[in-house]
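In: no sequence for this one, just the structure:
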């Protein structure tokens, strides 16, 4: 007689697996941290997604870099240019994906990361163009992201972002 | 998640499938050299990439890998007689040489030349590092022989085994790059397995069960880095190598041999888990080899006379609920290899990835699928040679390192992640 494991893992038994949704949609915020990434996020925003929304922190990043000040009351921008409250956006999300370009300066990662930390929201960071970037420049970007990302990915091309979001059911 | 058509693209590797064409771009392990120990020894059935083949070693010691079935009436040549530089079908005496060329049809006059018109499909079979490798792609695209370090170090420094895993290759391979499961599923083994215990790195593993991950594309595949806290603000990094399509290398522990796998499709519902252990600079000790033969580390004990694990789905993997309850094993299944295999087989022969819910720490898996799909597309549409074929992509090592917090493992560990002849692997 076949064991429980042998029977249960057969192809025939696969027919009886419950075919019902096993997860609710996730709210995923995809945030561009710099100007080149903003263009990537804008292109992604044209697609159809389940629970992803696309934002940019690049304007804030440049501004705060100039002034040297950070604020928890910072604003993000949506793709139509409207301002969004950082805390409110993060508070309602399941995952924040920060997008940066290799070699770019991304001090705003600390602010977003800290906010996520306070709100107990998981963070991922994705650096685009990594393999082609100069090592030191890439290292600088990574060093700014590393303290704030549970998962840090260095990808060669932008197309990975869409694949990753699709895989996460975004 | 993957859509149905994406899942099929990656999980189907038979002839004339896109995934099959990808696998047919590489030299893949087919048999252990020990399976064909003698000239004129018994032939061995081999099923690879959904093709039924037969391996034998002829009178001159030449290895052969040919279509299993006689061209005459479709009899299995496994019953054949290995004699005088060829394999003779016992039914009507047709005889084939090591290239699959028919060299004798007794019922036809020799002068008719009939046998010259009969040739079975065959593939090259080459010994390297105690493994017989085959290449099943177009002959004009045959790459250079494999250069994996475990296969080119002196014989006493390497040990290789294989076991049957009863599920699709991809779900098995994905376990090899899924670093986050180690702190749970295998935690019992870190302090007890003779091929793992005693390493300082184990303390970091067990002391910090919330690793942080970095996934970086490499020329041949991926580096999957797992970072844990070490002393003085430094990080303990474990860097796994994945080289396309299915080579994975586990970060080492202390001075133990370093190990890894190939995941090779038998058909779409079974695969060979090839498991190697080697040390770059010293012979394996008697104790280490005995432990590997005893099924420790990443190896298994077998059902006698087979490559099927002793603990398998037919005996519920010998699950020991008392050991699970007591915390000696996390899942109740003993041994690292079968802890993985039991769970991967439980997914079913080919897991439906449309139902899965990946999370951000699964980016290693997501990136591997992304690269595989990209490679298949490039191969099918533009005839692009996929990553991992170039032997420079094969000269890699996994590593475990302590690094300052501002260092990038890919750069700080550049030397450690490449083969350096005569230099030991970087390990903590």
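Out: Yep, it's here. Source: prediction; values computed, not measured. Numbering: from 1, shown residues only, chains lettered A, B, ... in the order given.
In: chain B versus the residue nearest the centre of chain A, what's the distance?
Out: The residue lying closest to the centre of chain A (C-alpha atoms, centre = their mean) is residue A:97, at 1.1 Å. Taking C-beta to the nearest C-beta, to the nearest Å as the measure, residue A:97 falls 8 Å from chain B. All C-beta spots, glycine's among them, are computed from the backbone N, C-alpha and C.
In: surely that residue forms part of a helix?
Out: No. Residue A:97 is assigned strand when assessed by DSSP: H, G, I helix; E, B strand; the rest coil, not a helix.
In: local confidence estimate at it?
Out: pLDDT recorded at residue A:97 is 97.
In: and it, what does it touch?
Out: Residue A:97 sits next to A:28-31, A:123-126, A:164-165, B:360 when contact means C-beta atoms under 8 Å, 6 or more residues apart in numbering or on different chains.
In: what residues are bridge-paired with residue B:249?
Out: residue B:241, residue B:260 (DSSP bridges).
In: re earlier: now the residue nearest to the centre of chain A, which residues is it bridged with?
Out: residue A:30, residue A:124.
In: show me which of the contacts of residue A:97 has the smallest pLDDT value.
Out: residue B:360 (90).
In: where do the helices sit along the chain?
Out: If you meant another chain, say so; for now it's chain A. A:4-8, A:11-14, A:35-44, A:58-67, A:86-91, A:108-119, A:135-145, A:159-167 (DSSP state H).
In: to clarify, I was referring to chain B.
Out: Going by DSSP H, chain B shows helices at B:4-11, B:18-23, B:149-152, B:169-176, B:182-185, B:187-190, B:200-207, B:286-293, B:321-326, B:336-346, B:363-382, B:391-394, B:409-412.
In: could you dump the ones you listed to TSV with mean pLDDT, mean neighbour count and distance to chain A?
Out: As requested, those are arranged in TSV below (pLDDT from 0 to 100; neighbours: other C-beta atoms under 10 Å in any protein chain shown; distance: least, C-beta to the nearest C-beta, whole Å):
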stretch	mean pLDDT	mean neighbour count	distance to chain A
helix B:4-11	97	17	9
helix B:18-23	98	21	17
helix B:149-152	98	22	23
helix B:169-176	96	25	11
helix B:182-185	83	18	14
helix B:187-190	80	19	20
helix B:200-207	87	18	17
helix B:286-293	97	15	26
helix B:321-326	95	12	13
helix B:336-346	96	23	5
helix B:363-382	97	20	4
helix B:391-394	97	16	13
helix B:409-412	83	19	5
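In: need those helices in a markdown table with distance to residue B:247, can you?
Out: Output for the helices of chain B, formatted as a markdown table (distance: least, C-beta to C-beta, whole Å):
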| stretch | distance to residue B:247 |
| --- | --- |
| helix B:4-11 | 16 |
| helix B:18-23 | 12 |
| helix B:149-152 | 10 |
| helix B:169-176 | 9 |
| helix B:182-185 | 19 |
| helix B:187-190 | 22 |
| helix B:200-207 | 22 |
| helix B:286-293 | 19 |
| helix B:321-326 | 32 |
| helix B:336-346 | 16 |
| helix B:363-382 | 11 |
| helix B:391-394 | 8 |
| helix B:409-412 | 18 |
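In: among those helices, which comes closest to residue A:138?
Out: helix B:409-412 (8.1 Å; C-beta to C-beta).
In: packing partners for the closest one?
Out: strand B:212-217, strand B:221-229, strand B:399-403 (3 or more C-beta pairs under 8 Å, 6 or more residues apart in numbering or on different chains; DSSP states H and E).
In: where does the stretch 151-300 of chain B come near chain A, residue by residue?
Out: B:166-167, B:212-217, B:269 (C-beta under 8 Å from any C-beta of the partner chain).
In: highest neighbour count among those?
Out: Neighbour tally across these (other C-beta atoms under 10 Å in any protein chain shown): the maximum, 28 neighbours, falls on residue B:215.
In: quick check: residue B:154 touching residue B:283?
Out: Yes. Under the criterion of C-beta atoms under 8 Å, residue B:154 makes contact with residue B:283 at 7.5 Å.
In: so between the two, which is more surrounded?
Out: Counted by other C-beta under 10 Å, residue B:154 and residue B:283 do not tie: residue B:283 has more neighbours, with 14 against 10.
In: grab the nearest non-local neighbour of the more buried one.
Out: residue B:156 (3.9 Å; C-beta to C-beta, 6 or more residues apart in numbering or on different chains).
In: cool, and residue B:233?
Out: Closest to residue B:233 by C-beta to C-beta, 6+ apart is residue B:405, at 5.8 Å.
In: give me the number of residues near the residue nearest to residue B:426 when sequence neighbours are not counted?
Out: Excluding its sequence neighbours, the residue lying closest to residue B:426 (C-beta to C-beta, 6+ apart) is residue B:416, at 3.5 Å. Close neighbours of residue B:416, defined as other C-beta under 10 Å, add up to 19.
In: ditto for the one 5 residues further on
Out: Other residues within reach of residue B:421 by the criterion other C-beta under 10 Å amount to 10.
In: excluding chain neighbours, what is closest to it?
Out: residue B:280 (7.8 Å).
In: quick one: contacts for that neighbour?
Out: So residue B:280 contacts B:149, B:153, B:157, B:258, B:397, B:419-425 (C-beta under 8 Å, 6+ apart).
In: do residue A:154 as well
Out: Residue A:154 neighbours (C-beta under 8 Å, 6+ apart): A:102, A:127, A:130-131, A:138, A:142, B:214-217, B:410.
In: wait, which of those is closest to residue B:161?
Out: residue B:215 (28.8 Å).
In: so the closest one sits right up against residue B:370, yeah?
Out: No. Judged on C-beta under 8 Å, residue B:215 makes no contact with residue B:370 at a distance of 10.4 Å.
In: separation between the residue lying closest to residue B:367 once chain neighbours are set aside and residue A:149?
Out: Among residues not flanking residue B:367 along the chain, residue B:215 sits closest, at 5.3 Å (C-beta to C-beta, 6+ apart). Note on residue B:215: its distance to residue A:149, by C-beta to C-beta, to the nearest Å, is 11 Å.
In: what's the spacing between the residue nearest to residue B:421 and residue B:117?
Out: Distance from residue B:280 to residue B:117, by C-beta to C-beta: 50 Å.
In: for chain A, where's the lowest mean pLDDT among helices and strands?
Out: When the helices and strands of chain A are scored by mean pLDDT, DSSP states H and E, helix A:58-67 comes last with a mean of 58.
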